[in-house]
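Trainee: here you go, sequence then predicted model.
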Amino acid sequence: MVSNDQRRRQLAREKFERQQQRREAARRRARLRNGVIAGALAVAVAGGAVSYAAGAFDGDGATKDDAAAQPTRTPKDPCARAAPGKVKPLSFKKEPALTVDRSADYTMDLKTTCGDISLDLDAAKAPHTVNSFEFLVNKGYLDHTKCHRLTTGGIYVLQCGDPKGTGRGGPGYSIPDENLKDKRLKGNVYPAGTVAMANQYNAREKKGRDTGGSQFFLVYQDSQLPPDYTPFGTISDSGMKVLKKIAAAGESSGQGDGAPNATVVIDKATVTKS
């Protein structure tokens, strides 16, 4: 027979367990709403796929507000038709030999359907990254590729560099993280005008360092991100205007993270040394 004291302890224990369950459920909801990738809002290539996880964009599921946020019609595409040609199915077994001149200036010009985007590359601080892009671009790797992702809430970036256009493509090799202590990355902010690498790093598990490939992101507005993604250059003023035009057209999901409504195709990419 259960005594009154035992019954009180049992009820107290059950109450405590219910409270713990409610708190854990609340924590899960909070992580989905306000969590950030690997403990901080981040851009990652998960198995090559770029992902904004753990509620970087409100992950509680569709609500009335979400439905209201859905565009009623697709905005007019502000970009031109892509140039004739196909993506080259290129893959390489290892990172190219490091031949970049760290004392030289390098520029990567992206001639896109939406306008030209010029990037000043920092070979001194990110030699492996700049060397890789010089190698890939000279092979025609980026030509005719589509910029497959635009984010418009919390993080403000255009994602490019995947020949598959799905977020799962890469060159077949990975390059090391570089320049993560750049003084420009203050307060966990990647400032507007930054070009940086996507990767597979998971800050929560502290796994996935040195996993950059060919995917990169162009920051068109200051974005809250931990310094885990190699910043390797800056975007020209004219290139920023092109990015603003792309961003103004929005993205397809209506949730702030999806394919850009603008058809952004890199018709031709070149890297020049000066």
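Mentor: Great, that's in hand.
Trainee: okay, CA-based contacts and neighbour counts for the rest of this
Mentor: OK.
Trainee: which stretches of the stretch 151-274 of the chain form strands?
Mentor: Secondary structure of the stretch 151-274 of the chain (DSSP state E, counting those that start in this stretch): strands at 157-160, 189-190, 194-197, 216-219, 223-224, 231-235, 257-258, 265-273.
Trainee: wait, which of those strands is closest to V137?
Mentor: strand 265-273 (6.0 Å; Cα to Cα).
Trainee: dump that closest one to CSV, keeping only the CA atoms.
Mentor: Listed next in CSV are the C-alpha coordinates belonging to strand 265-273 (Å, rounded to 0.1, in the frame of the first residue of the first chain):
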residue,chain,number,x,y,z
VAL,A,265,23.7,32.6,-64.7
ILE,A,266,27.5,33.1,-65.0
ASP,A,267,27.9,33.3,-68.7
LYS,A,268,31.7,33.7,-68.4
ALA,A,269,34.2,33.9,-65.6
THR,A,270,37.7,35.1,-65.9
VAL,A,271,40.6,35.6,-63.4
THR,A,272,43.3,38.2,-64.2
LYS,A,273,46.6,39.0,-62.5
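Trainee: distance from it to the middle of the chain?
Mentor: Chain-centre distance of strand 265-273: 20 Å, with Cα atoms, centre = their mean, to the nearest Å.
Trainee: what does stretch 247-262 give?
Mentor: With Cα atoms, centre = their mean, you get 14 Å for stretch 247-262.
Trainee: quick one: end-to-end length of that stretch, please.
Mentor: End-to-end distance for stretch 247-262: 8 Å, by Cα to Cα, to the nearest Å.
Trainee: stretch 218-226 now?
Mentor: OK, stretch 218-226 end separation, Cα to Cα: 16 Å.
Trainee: how about residues contacting it?
Mentor: 40-43, 154-159, 188-196, 235, 240, 243-244 (Cα atoms under 8 Å, 6 or more residues apart in numbering).
Trainee: which residues does A83 contact?
Mentor: So A83 contacts T113, H144, D267 (Cα under 8 Å, 6+ apart).
Trainee: burial measure for the closest residue to the last one other than its chain neighbours, as a count.
Mentor: If I follow you right, that is D267. Computed as Cα to Cα, 6 or more residues apart in numbering, the closest residue to D267 that is not its neighbour in sequence is H144, at 4.7 Å. H144 has 24 neighbours, counted by other Cα atoms under 10 Å.
Trainee: isn't H144 right up against P89?
Mentor: No: using Cα atoms under 8 Å, H144 is not in contact with P89; the gap is 11.3 Å.
Trainee: hang on, the earlier thing: which of the contacts of A83 lies closest to K93?
Mentor: Of the contacts of A83, the one sitting nearest to K93 (Cα to Cα) turns out to be H144, at 22.4 Å.
Trainee: could you check how far E95 is from P176?
Mentor: For E95 relative to P176 (Cα to Cα), the value is 10 Å.
Trainee: touching both of the two, which residues are there?
Mentor: With Cα under 8 Å, 6+ apart as the test, E95 and P176 reach no residue in common.
Trainee: could you find the closest non-adjacent residue to V157?
Mentor: By the measure of Cα to Cα, 6+ apart, the closest residue to V157 outside its immediate chain neighbours is V219, 4.5 Å from it.
Trainee: which residues does M197 bridge with?
Mentor: F216 (DSSP bridges).
Trainee: related to what we said a few turns ago, closest to D257 out of the contacts of A83?
Mentor: For the contacts of A83, the nearest to D257 is T113 (20.9 Å; Cα to Cα).
Trainee: what sits against that closest one?
Mentor: Counted by Cα under 8 Å, 6+ apart, T113 has contacts C79, A80, R81, A82, A83, T263, V264, V265, I266, D267.
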